[in-house]
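>>> sequence first, then the predicted structure, then my questions.
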Protein chains: 2
Amino acid sequence: LSSEALAKDDFLRMTDRSPATTVGQAGESALIDRIRRRTGAAAPWITIGIGDDAAAIAPDRNRQIIVTTDSLVEDVHFRRAWTAPRAIGHKALAVNLSDLAAMGATPRACLLSLVMPEALPLDEFDELIDGLASLAAASGAPLAGGNLTRSPGPLVIDVTAVGSAHPRRTLTRGGGRPGDLLFVSGRLGGAAAGLGMLEAGERRDALDDSERRCLERFEMPAPRLRLGHVAAFSRAVTACIDLSDGLADAVRQIAAASGTGADVEAGSLPIEEGSVRWANRSGRDGLMSALAGGEDYELLFAVSPRRRRSFLAAARRCPDVPVTHIGQLTQDGEPALVSAAGRLPLPAGFRHF
Amino acid sequence: LSSEALAKDDFLRMTDRSPATTVGQAGESALIDRIRRRTGAAAPWITIGIGDDAAAIAPDRNRQIIVTTDSLVEDVHFRRAWTAPRAIGHKALAVNLSDLAAMGATPRACLLSLVMPEALPLDEFDELIDGLASLAAASGAPLAGGNLTRSPGPLVIDVTAVGSAHPRRTLTRGGGRPGDLLFVSGRLGGAAAGLGMLEAGERRDALDDSERRCLERFEMPAPRLRLGHVAAFSRAVTACIDLSDGLADAVRQIAAASGTGADVEAGSLPIEEGSVRWANRSGRDGLMSALAGGEDYELLFAVSPRRRRSFLAAARRCPDVPVTHIGQLTQDGEPALVSAAGRLPLPAGFRHF
């Protein structure tokens, strides 16, 4: 905030000829150049990219604009001692693309607002950008702009993802009706198990493949973009949400937004294999982890029972991501977990506050 | 990051019946409800607003999407002890709208990603949202979504602004040509003087009106949206940028992006009256403050000399924001400050790193 301090920094920068090793030493315009070199050529629909006051994106015909923002905060969502910068950059974008997937949207661009401690090593900065930029390019959402700021505390990575969706094929949380079937993609509880392994200080080389997959689920989630897109065009889906805060929370959100109740069948949940293994080894509750553990970034769908086949046919177009029927929306009442032991209220999800 | 700590928090929350006074006590969904109550009805073009995985915005016919993101960081851009939360919320959006103004864009929506210490008082949260939401409503850019996260350190307010602009009437930094006239809007140096007053611990009631205006320039900047828009449609402007990092930096950026040099006439600079007064009182350099002091959020235009009249006619449609001719783009060379004393290189602007 103090201009005297800045002037002194500038002076040191000009007189010190040793190569920069931290973002503070490199300076803003050198950092923007490094980002430019790492992002490659922009897509043709990015009409104004990195380096102007704002980015410009050509609109898609007959589509509405879908936009979302989410941040990863050091020591809240990740620790730099545990997770490689490349994974942090990947995940900061992935959590946003997952929100686009839940709307059935096609990604078009992303923006990065980076709040960094001046001591952040330049090579960590480069790797973080690489992780974000490679997922951006692979997803059709090139990095088109953003902002760099100094942080007096944690590293904060705030990403905005911009996409497009057909107005009558945009998925929301609120269209579910009683009787709709609940389907979830992929396998659950892997990310929570991966976080548990990091917290417990497990050595990566002491884990088996199924457990290492959990670590990867936590660190490098794969947004279900294609599944969200084909599901939206199946006309079978009445509501959709991504599992950022756990399955139980996702079911509660869809039920609340749709004005319904919900039953989830405990026996039907597709639990990640390594998560079960880790739960057994570490004395944790694997079912609870699959229900309440956040960050799986799978999709939960409410599907009209009459259009169940259309939904399944669409989902088969993503053969590497299974979908599993796990319950249904009900007339009303508290969302419940149903098992041989009876009905229990669904647990709450991850709370950010 | 630890799920055990969260479970304990939840337990305390359920057993403690006293009304919440901090954002951490209130919990995420109560905070989202408070935001909803403060933002009022969304505009008709916001087809999906607060509360879903992403926001949806109806596209404007024959317009491209303009999108920008910028953050305010506690103890870097503001101090909570100095500035009211309402002003902080206003400014977090204003700096983004200023970027839209520099593109000639019309604002359509904004998103808020808030990274907050749990101890942030609820009434400060409410006021911050009020400040942002009232500027959002007044600018035609309703708050349409976002994200709330816990911060282990400073308060970080990251805003994304979404707008639209005609593809052939979008202003950039890079279209200037040698001989183009440089015009700047408003008065310069006010924000830097306002920051100086806060740093010096000046009592507000000891300031005269012109000085208090400088404080307001620093704390509650008014984005020049209408001026940017009419200037873009005048077809006279070849390049434009906002003065987030000071006039000298803005001139350098336009010259660099346009591949030109630039001369700024020292005697022509429209310096804010209170800034001169404060500089005299405090022994500072008022001209330097007008040149290098950031955060004035005025617009700098390069104008084709043949279309100077069209530009001035357009600018007269914003009678409360004067424009002043301050120099011109030149063939090449280092951007210079020209005065009776000769030519000096323009100083550097505010550096974020």
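Happy to help now that I have it. Residues are numbered from 1 along each chain as shown, chains lettered A, B, ... in the order given.
>>> ok, and the closest non-adjacent residue to the closest residue to chain B within chain A?
In chain A, no residue comes nearer to chain B than A:Gly153, which is 2.5 Å away by Cβ to the nearest Cβ. (C-beta placed from N, C-alpha, C; glycine too.) Among residues not flanking A:Gly153 along the chain, B:Gly153 sits closest, at 2.5 Å (Cβ to Cβ, 6 or more residues apart in numbering or on different chains).
>>> could you report the neighbour count for the one you found?
By the measure other Cβ atoms under 10 Å in any protein chain shown, the count of residues near B:Gly153 is 22.
>>> I'd assumed B:Glu118 was in contact with it.
No. The criterion here is Cβ atoms under 8 Å, and B:Gly153 misses it with B:Glu118 at 11.5 Å.
>>> identify the residues contacting the residue nearest to A:Gly153.
Contacts for B:Gly153 (Cβ atoms under 8 Å, 6 or more residues apart in numbering or on different chains) come out as A:151-154, B:117.
>>> can you list these in TSV and add distance to A:Ser29?
As requested, the contacts of B:Gly153 are exported to TSV (distance: Cβ to Cβ, whole Å):
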residue	distance to A:Ser29
A:Ser151	19
A:Pro152	22
A:Gly153	24
A:Pro154	24
B:Pro117	32
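>>> now flag whichever of those residues is closest to B:Gly194.
Using Cβ to Cβ, A:Pro152 is the member of the contacts of B:Gly153 that lies nearest B:Gly194, at 21.1 Å.
>>> for the stretch 201-350 of chain A, what lies in contact range of chain B?
Residues of the stretch 201-350 of chain A found near chain B (Cβ under 8 Å from any Cβ of the partner chain) are A:240-242, A:257, A:293, A:348, A:350.
>>> in the residues you listed, find the pair that's most separated.
A:Ala257 and A:Gly293 (21.9 Å).
>>> looking at those two, which is more packed in?
A:Gly293 (30 against 17).
>>> my guess is that one meets A:Ala191, correct?
Yes. With contact defined as Cβ under 8 Å, A:Gly293 counts as touching A:Ala191 (6.4 Å).
>>> hey, what's in contact with both of these two?
Common neighbours of A:Gly293 and A:Ala191 (Cβ under 8 Å, 6+ apart) do not exist.
>>> quick one, helices of chain A?
Taking DSSP state H, the helices of chain A run over residues A:3-15, A:23-26, A:28-39, A:85-102, A:122-138, A:190-199, A:209-219, A:225-233, A:247-258, A:273-282, A:286-292, A:308-315.
>>> closest one to A:Phe301 among those?
That would be helix A:225-233 among the helices of chain A, by Cβ to Cβ, at 6.1 Å.
>>> flag every buried residue along the closest one.
Residues A:225, A:227-232 are the ones in helix A:225-233 that count as buried (16 or more other Cβ atoms under 10 Å in any protein chain shown).
>>> which of those residues lies closest to A:Pro319?
For the buried residues of helix A:225-233, the nearest to A:Pro319 is A:Leu227 (10.6 Å; Cβ to Cβ).
>>> for that closest one, what are its contacts?
A:101, A:185, A:299, A:315, A:318, A:321, A:323.
>>> tell me how many other residues surround the third one.
Around A:Leu299 sit 29 other residues, with neighbours defined as other Cβ under 10 Å.
>>> beta partners of it?
A:Asp242 (DSSP bridges).
>>> what does the last one give?
Taking DSSP bridges, one finds A:Ser185 as the beta-bridge partners of A:Val323.
>>> ok, A:Pro270 - contacts?
Applying Cβ under 8 Å, 6+ apart, the residues contacting A:Pro270 are A:184, A:186-188, A:322, A:324, A:326.
>>> quick one: it from A:Phe183, how far?
10 Å (Cβ to Cβ, to the nearest Å).
>>> overlap in contacts, the two.
A:324, A:326.
>>> closest to B:Gly283 out of the contacts of A:Leu227?
A:Ala101 (58.3 Å).
>>> that closest one against A:Leu243, yeah?
No. Counting by Cβ under 8 Å, A:Ala101 does not reach A:Leu243; the two are 10.8 Å apart.
>>> and stretch A:276-295, what's buried?
Under 16+ other Cβ under 10 Å, the buried positions of stretch A:276-295 are A:276-279, A:284, A:286-295.
>>> now do stretch A:191-210
A:191-198, A:202, A:207, A:210.
>>> how about the CA coordinates for that stretch, as CSV?
C-alpha atoms of stretch A:191-210 as CSV (Å, rounded to 0.1, in the frame of the first residue of the first chain):
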residue,chain,number,x,y,z
ALA,A,191,-11.1,-37.4,-3.1
ALA,A,192,-11.9,-37.6,0.7
ALA,A,193,-9.7,-40.7,1.0
GLY,A,194,-6.9,-38.9,-0.9
LEU,A,195,-7.2,-35.9,1.4
GLY,A,196,-7.1,-38.3,4.4
MET,A,197,-3.9,-39.9,3.0
LEU,A,198,-2.2,-36.5,2.7
GLU,A,199,-3.3,-35.5,6.2
ALA,A,200,-2.0,-38.8,7.6
GLY,A,201,1.3,-38.2,5.9
GLU,A,202,1.1,-41.4,3.9
ARG,A,203,4.2,-41.9,1.6
ARG,A,204,3.1,-42.1,-2.0
ASP,A,205,5.3,-45.1,-2.7
ALA,A,206,3.7,-47.0,0.2
LEU,A,207,0.2,-46.8,-1.5
ASP,A,208,-1.3,-49.4,-3.9
ASP,A,209,-2.7,-48.4,-7.3
SER,A,210,-6.3,-48.0,-6.0
